[in-house]
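In: sequence? don't have it. structure:
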C-alpha cells in the first residue's frame, strides 16, 4: 500500500474541490436556463396530447377491428374446413 504525503493529499483535495465547483457551475446553468425548461415542458405537453389522441383513436377502433378480424378468421377457418371436406370426399 502506498502512502501519500500531506502535500499530495492537499493537492488532490484542491483538484477535487475545483471539479466540484465546475460541476456546481454547470448545474446552476442548467437549473437557471428557463428556455430549456420551457422547451422541455412544451415538448412533453405535445407528446402527452399525441398519446391521448392515439389512445382515443385506439379505444374507438379496437372493437370494430376485433369484430372484423374475428369475422375474417371465421370465414377463413370455414373455407379451410370446407376445402378439407371436399378433398376427403373425392378421395
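Out: In hand now; what should we look at? Predicted, not measured: the structure shown is a model, and the values here were computed from it.
In: drop to CA atoms for contacts and neighbour counts, all remaining ones
Out: OK.
In: what is the neighbour count of residue 32?
Out: For residue 32, the count of nearby residues is 11 (other C-alpha atoms under 10 Å).
In: model confidence over the longest helix along the chain, on average?
Out: Of all segments of type helix in the chain, defined using DSSP state H, the longest is helix 34-90. The pLDDT scores in helix 34-90 average 81.
In: distance from it to the middle of the chain?
Out: Put simply, helix 34-90 sits 20 Å off its chain's centre (C-alpha atoms, centre = their mean, to the nearest Å).
In: what helices and strands are in contact with it?
Out: Using 3 or more C-alpha pairs under 8 Å, 6 or more residues apart in numbering; DSSP states H and E as the contact criterion, helix 34-90 has no neighbours among helices and strands.
In: now do the stretch of helix or strand residue 18 belongs to against helix 34-90, angle only.
Out: Using DSSP states H and E, the element containing residue 18 is helix 6-32. When axes from the mean of the first three to the mean of the last three C-alpha atoms, to 10 degrees is applied, the directions of helix 6-32 and helix 34-90 differ by 80 degrees.
In: tell me which residues in helix 6-32 are buried?
Out: For helix 6-32, a neighbour-count test (16 or more other C-alpha atoms under 10 Å) marks nothing as buried.
In: burial count for residue 37?
Out: Residues lying near residue 37 (other C-alpha under 10 Å) number 13.
In: mind listing what it touches?
Out: By C-alpha atoms under 8 Å, 6 or more residues apart in numbering, no residues touch residue 37.
In: how much space separates it from residue 22?
Out: The spacing between residue 37 and residue 22, counted by C-alpha to C-alpha, to the nearest Å, is 21 Å.
In: likewise residue 81?
Out: For residue 81, the distance to residue 22 equals 75 Å [C-alpha to C-alpha].
In: likewise for residue 76?
Out: On the measure of C-alpha to C-alpha, residue 76 and residue 22 end up 68 Å apart.
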